[in-house]
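[1] Please work out how this folds:
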Amino acid sequence: MRSRDQNRSGVSAAAMATWEHVPGPHQLFAAGTWAAGGSGVVARGRSSGDAQERTVAVRESLLRRHPGGIPRCLRTVSPSEIMSSTAPAAPATAIPRQRGPRWSVKHLRLLGTMPDGVLAGMIEVHESSVAVMRKRRGIAPYRPFRPMVRWTSAMDALLGTETDRAVAEQLGISISSVCDRRRGRGIPAFMRPTQRLVTWTRADLAKLGRATDTALARDLGLRIAIVRGKRQSLGIPPVTGYREMVWAPEREALLGTVPDRVLALRWRHSEASIRRRREQLGIAPLIVCAPIRWPRRLLDALGRVPDIVLHRRFGVARPTLQAKRRALGIAAYQNPRRHRWTAAHLRLLGRLSDRTVARRLGIATTQVCRKRTALSIAPLAQATRWTKTMLAHLGTADDGVIARQLGMSRSAVSRKRGALGIAASGTTVWTSAMIALLGTASDSVIGARLGLHPKLVGRHRRARGIPAFAE
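    You can find the predicted model right below:
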């Protein structure tokens, strides 16, 4: 009776484990005897009727695996050597073949019910393997449902007394919820003593425009935005490293004869000012282009290899390659593996999601999206079932906050709120104290104090007819 440690061909499991490093043909015909030469392989040890067929098949398989020639390690081996324990050991560089994780029905049901990292730790696989399997089956990632924050008077009293991060950590909620709630109630952001209104002296104002904003902010111990805002409110131009350009006839005569970049470095002026003067005089720029040598290998590869590959191989720009190819009447490279769209395939676009169509046709999702966009076909709108609880949240907070809590996109929330005619929340409420600050300092300083963008402050100031701050 044959032992359990032997396979059907009579070779022991230990001997087969010794020869795991040998390519596929040796595993297929491990019971035979191999006689490997420089260019031919002969299989013996079985009936001679199919020896020639097996010789040709094994030789072709080995040559496909080793295009440079069959290695010397595939020498003549007899069945007795395979059965014995003195068989040559596998080389140290042999790497065993790794198999992917086996997914059971229980594990597949857990996809999307928990984060990919948690599930990967449970089944002892990499997180990317879980993500690939989840995307392959069209399962959305796990998004926990966050309940709406019910704000009390005690919680509102903390807004503005500390930074939004500190208040969020104290209340145990997200920073975005604290920020949206504070802006919705018109409460200015918390500012440290170093960020409050700055008292500008005459000596400090005299330095504006004479030194760079970065150097002046470093000397005064202020932020660059405060110095820049003060300088802009007074209409003082910034300091540049270039002097005022005086256009002499000698300099104008050089325009167009030397590249703009070279003249900018020579005269220590910006390239934009030189280009502007040259365009005012109607002088064409000087284009320095070295002649391109077209080797025979490059010309033969036009149209047979993508232009991007030739650009990386020969260093020739893609527009130059395209112009040369069109001048020679050579069509662009067409990928033979490119998907051929049939009428049945085109009918799926817009009726199913791009990911589903890509998985069904066996192509990339970007290729499906590109084809659908070229045909002006709208994507499949994922229908969302809105419950009464979900509809009650619309308009109570910012759309982004509600979208994160409901696990959907912000555009879906905004679209549903607009369809129901519900006004948006989170708009800035200007109180009398906030309006009184407008014009007393620059918009950037007021914005930093109120926690708003300077453009929003300037827009509201101009709408109320309040002039800009000026000393």
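[2] what about the residue nearest to residue 406 when sequence neighbours are not counted, neighbour count?
    Take residue 406 and drop its neighbours on the chain: the residue closest to it by Cβ to Cβ, 6 or more residues apart in numbering is residue 390, 6.0 Å away. Any C-beta I mention is one placed from the backbone N, CA and C, and that applies to glycine too. Residues near residue 390, counting by other Cβ atoms under 10 Å, number 16.
[3] next helix or strand past the helix or strand that contains residue 390?
    In the assignment (DSSP states H and E), residue 390 maps to helix 388-392. Once the chain leaves helix 388-392, the next helix or strand it forms, by DSSP H and E, is helix 399-406.
[4] residues of the helix or strand where residue 177 lies that come out buried?
    Per DSSP H and E: residue 177 is located in helix 175-184. Within helix 175-184, the residues scored as buried using 16 or more other Cβ atoms under 10 Å are 177-184.
[5] now it: how far from the chain's centre is it?
    Here helix 175-184 is found 29 Å from its chain centre; the criterion is Cα atoms, centre = their mean, to the nearest Å.
[6] go on, stretch 108-116?
    24 Å.
[7] could I have that stretch exported to PDB, CA atoms only?
    Provided in PDB are the C-alpha atoms of stretch 108-116 (Å, rounded to 0.1, in the frame of the first residue of the first chain):
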ATOM      1  CA  LEU A 108     -17.300  38.100   2.900                       C
ATOM      2  CA  ARG A 109     -20.400  39.000   4.800                       C
ATOM      3  CA  LEU A 110     -18.300  41.200   7.100                       C
ATOM      4  CA  LEU A 111     -17.100  43.400   4.200                       C
ATOM      5  CA  GLY A 112     -18.300  46.900   4.600                       C
ATOM      6  CA  THR A 113     -19.700  46.300   8.200                       C
ATOM      7  CA  MET A 114     -16.400  47.400   9.800                       C
ATOM      8  CA  PRO A 115     -13.300  49.300   8.800                       C
ATOM      9  CA  ASP A 116     -10.900  47.500   6.400                       C
END
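[8] mean confidence for that stretch?
    Looking at stretch 108-116 alone, the average pLDDT works out to 87.
[9] Can you report how many residues lie near the nearest residue to residue 455 once chain neighbours are set aside?
    Spatial nearest neighbour of residue 455, chain neighbours left out: residue 443 (7.7 Å); criterion: Cβ to Cβ, 6+ apart. Residues lying near residue 443 (other Cβ under 10 Å) number 25.
[10] now do residue 277
    Counted with other Cβ under 10 Å, residue 277 comes out at 18.
[11] Wait, a strand at it?
    No. If the criterion is DSSP: H, G, I helix; E, B strand; the rest coil, then residue 277 is helix and not within a strand.
[12] Next, the residues that contact the helix holding residue 390 from outside, please.
    With Cβ atoms under 8 Å, 6 or more residues apart in numbering as the test, helix 388-392 has contacts from 406, 416, 420.
[13] what does stretch 346-364 give?
    The contact list for stretch 346-364 (Cβ under 8 Å, 6+ apart) reads 135-136, 138, 339, 345, 365, 367-369, 371-372, 375, 377-380, 382.
[14] Buried residues in it, which are they?
    348-350, 353-354, 357-359, 363.
[15] looking only at pLDDT, what's the mean for it?
    In the prediction, stretch 346-364 has an average pLDDT of 84.
[16] any low-confidence regions in the protein?
    1-101, 145-146, 192-197, 240-244, 288-290, 335-337, 381-384, 425-429, 471 (pLDDT under 70).
[17] can you tell me which residue is nearest the centre of it?
    residue 366 (13.9 Å; Cα atoms, centre = their mean).
[18] Can I get the helix or strand hosting that residue in PDB? Just the C-alpha atoms.
    Element membership for residue 366 (DSSP H and E) is helix 365-374. Provided in PDB are the C-alpha atoms of helix 365-374 (Å, rounded to 0.1, in the frame of the first residue of the first chain):
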ATOM      1  CA  THR A 365     -13.300  52.100 -14.200                       C
ATOM      2  CA  THR A 366     -11.500  55.200 -15.700                       C
ATOM      3  CA  GLN A 367     -11.900  53.800 -19.200                       C
ATOM      4  CA  VAL A 368     -15.700  53.400 -18.700                       C
ATOM      5  CA  CYS A 369     -16.000  56.900 -17.200                       C
ATOM      6  CA  ARG A 370     -14.000  58.300 -20.200                       C
ATOM      7  CA  LYS A 371     -16.200  56.600 -22.700                       C
ATOM      8  CA  ARG A 372     -19.400  57.700 -21.000                       C
ATOM      9  CA  THR A 373     -18.200  61.300 -20.800                       C
ATOM     10  CA  ALA A 374     -17.200  61.300 -24.500                       C
END
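[19] which strands and helices sit next to that helix?
    helix 354-361 (3 or more Cβ pairs under 8 Å, 6 or more residues apart in numbering; DSSP states H and E).
[20] one step back: which of the buried residues of helix 175-184 sits closest to residue 397?
    Proximity of the buried residues of helix 175-184 to residue 397 (Cβ to Cβ) peaks at residue 180, which lies at 5.8 Å.
[21] and the closest one, what does it touch?
    With contact set as Cβ under 8 Å, 6+ apart, residue 180 has these partners: 397-398, 400-401, 426.
[22] How is residue 173 classified with respect to secondary structure?
    Looking at residue 173 with three-state DSSP, the answer is coil.
[23] wait, what's in contact with residue 369?
    Counting by Cβ under 8 Å, 6+ apart, residue 369 touches 354, 379.
[24] how far away is it from residue 354?
    5 Å (Cβ to Cβ, to the nearest Å).
[25] Equivalent analysis for residue 166, please.
    43 Å.
[26] Residue 458 now?
    42 Å.
[27] So which elements touch whichever strand or helix holds residue 106?
    Taking DSSP H and E as the definition, one finds residue 106 inside helix 105-109. With contacts defined as 3+ Cβ pairs under 8 Å, 6+ apart, helix 105-109 has no helix or strand neighbours.
[28] That helix: what's the following helix or strand?
    That would be, after helix 105-109 and using DSSP H and E, helix 116-123.
[29] if we can go back for a sec, nearest to residue 297, of the buried residues of helix 175-184?
    Of all these, residue 179 has the smallest distance to residue 297: 60.5 Å, by Cβ to Cβ.
[30] Tell me who's in contact with the residue lying closest to the closest one once chain neighbours are set aside.
    Leaving out its chain neighbours, the residue that sits closest to residue 179 by Cβ to Cβ, 6+ apart is residue 164, at 4.9 Å. Neighbouring residues of residue 164 by Cβ under 8 Å, 6+ apart: 175, 178-179, 182, 189-190.
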